[in-house]
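Peer 1: Predicted model follows, preceded by the sequence.
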Amino acid sequence: MSSASINPTIRRRRLGAKLRELREELGITAEDVAQRLLVSQSKISRLENGRRSISQRDVRDLCRVYEVTDEKLLDALMAMARESRQRGWWHAFGDVPYSVYIGLEADAVSMHTYESLFVPGMLQTREYAYAVVAGIQPEALPAQNEKRTDIRMKRQEIIRDQEKPLRLWAVLDEAVLHREVGGVQTMREQLEYLLEVSSWPHVTVQVLPYSVGAHPGMSGTFAILEFEDPDDATVVYLEGVTSDLYLEKEQDVRTYSTMYEHLRAQALHPDQTRELIDRIAKGFAG
């Protein structure tokens, strides 16, 4: 496998899951392992959930604790550790605070997202994206906003992939269509682009109208990422201001999946959604 095709985020995640499996088979806790290796319990937890870079030395030390004697297994784990430390495309942009999410997104085969305030990043025009980025971080320098916008545009390549595009289902609160982000012209162009991409076979857009009233999405926006490899558990992503939350427990994923089903059921049909978007876009044009 070439280095260009290796996703370090996914490698860390798979390696961490295997190390957790080895620990649980031995019947010891993360705290036990931390005490034996003279490290913090949080380090062991972060290694296992793929949130921390893992070195070959870490793998060697853990495998000694877990009494791994199978040379083939040890070699495979060491190779995963080596690959997990390679650089993803996003590293070319410098320090990216949400690099873990980008890595997961890049390897996902489908995404179900709910947004209440703005068009999902995967469906934004450049002008709209810049206005969102600048609005969220008013103290950032223009160069920083440009970099974040460049990253957002680069991320969109996965829905334009000719061979295997990301399957995207987006439910938007109606407020998203009315909030004037970046000015009238930017909004008109954004809504026209939203109409275009919503006609793609792998993209579905639905709007949750004001008339629905209270609904499950009022608790906050979220995205559900699913992966092709059955060993990669579905992830629910919750974006925060200073930190993000990744939920992988089966019960958590089931709860958010059920919430999403309710949102889809309450939202307008995709055809009705396009009619509404078109009507609002013409309003901005007028």
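Peer 2: Now that the structure is in, tell me what you want to look at.
Peer 1: what's near enough to touch residue 13?
Peer 2: By CB atoms under 8 Å, 6 or more residues apart in numbering, the contact set of residue 13 is 49-50, 104, 232. The C-beta positions use only the backbone N, C-alpha and C, and glycine is treated the same way.
Peer 1: at 7 Å what do you get?
Peer 2: Contact analysis of residue 13 by CB atoms under 7 Å, 6 or more residues apart in numbering lists 50, 232.
Peer 1: That one: helix or strand, and which one exactly?
Peer 2: If you go by DSSP states H and E, residue 13 is part of helix 8-26.
Peer 1: which parts of that helix are buried?
Peer 2: Residues of helix 8-26 classed as buried under the neighbour-count rule (16 or more other CB atoms under 10 Å) are 8-20, 22-23.
Peer 1: just those now: which is nearest residue 151?
Peer 2: For the buried residues of helix 8-26, the residue nearest residue 151 by CB to CB is residue 9; the value is 14.7 Å.
Peer 1: SS state for the nearest residue to the closest one once chain neighbours are set aside?
Peer 2: Distances taken as CB to CB, 6 or more residues apart in numbering place residue 103 nearest to residue 9, at 2.4 Å, with adjacent residues excluded. Here residue 103 is helix, with the state taken from DSSP: H, G, I helix; E, B strand; the rest coil.
Peer 1: okay, residue 103: pLDDT?
Peer 2: You'll see residue 103 listed with a pLDDT of 80.
Peer 1: need the helices for the stretch 51-200 of the chain, in chain order.
Peer 2: Taking DSSP state H, counting those that start in this stretch as the criterion, the stretch 51-200 of the chain carries its helices at 56-65, 71-84, 99-107, 126-136, 142-155, 175-178, 184-197.
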